[in-house]
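In: coords please:
(2 chains)
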Amino acid sequence: MNETGGDVKANPPGWSKNPSQWGERIPIVVLSLIGTAIATYLALYQLDVIEDVWEPFFGPGSRTILNSKVSHILPIPDAALGAFGYLLDAVTGMIGGEERWRRMPWIVVIFGLAVGPLGAVSILLVILQPVMFDAFCTLCLGSALISVLMIAPAMDEFLASLQHVQREKQRGRSLWRTFWGLEPTVEADR
Amino acid sequence: MIAHLVAAAAGLSVMAAPSLAGYSGTAADIDHVVGPLAVSVGIIAASQILRAFRWINVPLGLVLIASTLITPRPTTGTIIVAVAGAALVATAFVRGRVDVAFGGGWASLWRNRRSGSPR
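Out: Below is the predicted model:
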């Protein structure tokens, strides 16, 4: 994957770590896979594939939330959309090697854009649970927690890619080609 | 980092306060909105890269403190929310350790744009 093997040369300029190294990314991918599993389970309940939903703390809470109007505001149940979002996070989190912050800024940006709004929507849904329906849903809260936990770890790589694209543009390179990783990287840039 | 996890815990206690102390209505709605926001801000600000998010907990804490003066809650609820509100404001002022260098951080994107010249 990476000829420099995660040593300091792979760090973005001025960084004391490499945000694209596997040690930084694998935890996010694991979290998003757990999120995918939870959301898929909830979506199966919403699609009536499974009869009941696991709810250890809030009695009928999960049933109330998962059958609410808000959760069916779109043509597909909201948990199905969530499952897709988490899967997108996992896939875009895995693509590329440890220098993807400069070799593939596009995937890092898609990754950041997938993680950010998913977290924001999760927080919104958590607020709506008690305010609109006077109920809480344990697995929905767990899923929201996961999506919030992923935000910061995804953002450091996002920043490294933005800095890289900006640096290359100021150097007179094409922003477009840099974004898609088509410009040859300059090794002397350290 | 610990200060901001304390803020997240404070947010969680606000989120749970209406159920714990048994109240509903406007006060409960405020707590159910501000609580999850404070939890999220605390978790995000616990990271070094988004530590600046901690400042969002200042207005959130002030809203909680103000609401204890305006909207009635049972005594237990008032205490939980007031203490949590104060904790949100206080922890926001704790920067904590930031020992990772981020190449100038988010500010570099604006700073470098203004200076404009290639290095």
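In: Please name every helix or strand in contact with the biggest helix by length in chain A.
Out: The longest helix of chain A (DSSP state H) is helix A:138-170. Secondary-structure packing of helix A:138-170 (3 or more C-beta pairs under 8 Å, 6 or more residues apart in numbering or on different chains; DSSP states H and E): helix A:22-46, helix A:61-66, helix A:78-94, helix A:100-103, helix A:105-133, helix A:175-179, helix B:26-45, helix B:107-115. All C-beta atoms are positioned from the backbone trio N, CA, C, and that covers glycine.
In: got JSON lines for those, with distance to residue A:167, mean neighbour count and mean pLDDT too?
Out: Listed next are these as JSON lines, based on distance: least, C-beta to C-beta, whole Å; neighbours: other C-beta atoms under 10 Å in any protein chain shown; pLDDT from 0 to 100:
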{"stretch": "helix A:22-46", "distance to residue A:167": "21", "mean neighbour count": "19", "mean pLDDT": "94"}
{"stretch": "helix A:61-66", "distance to residue A:167": "46", "mean neighbour count": "22", "mean pLDDT": "87"}
{"stretch": "helix A:78-94", "distance to residue A:167": "23", "mean neighbour count": "21", "mean pLDDT": "93"}
{"stretch": "helix A:100-103", "distance to residue A:167": "9", "mean neighbour count": "23", "mean pLDDT": "92"}
{"stretch": "helix A:105-133", "distance to residue A:167": "11", "mean neighbour count": "20", "mean pLDDT": "91"}
{"stretch": "helix A:175-179", "distance to residue A:167": "9", "mean neighbour count": "16", "mean pLDDT": "90"}
{"stretch": "helix B:26-45", "distance to residue A:167": "26", "mean neighbour count": "24", "mean pLDDT": "96"}
{"stretch": "helix B:107-115", "distance to residue A:167": "8", "mean neighbour count": "12", "mean pLDDT": "76"}
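In: how about a markdown table for the ones you listed, with distance to residue A:52 added?
Out: Output for those, formatted as a markdown table (distance: least, C-beta to C-beta, whole Å):
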| stretch | distance to residue A:52 |
| --- | --- |
| helix A:22-46 | 7 |
| helix A:61-66 | 8 |
| helix A:78-94 | 15 |
| helix A:100-103 | 42 |
| helix A:105-133 | 18 |
| helix A:175-179 | 47 |
| helix B:26-45 | 26 |
| helix B:107-115 | 49 |
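In: Among those helices, which comes closest to residue B:89?
Out: helix B:26-45 (10.8 Å; C-beta to C-beta).
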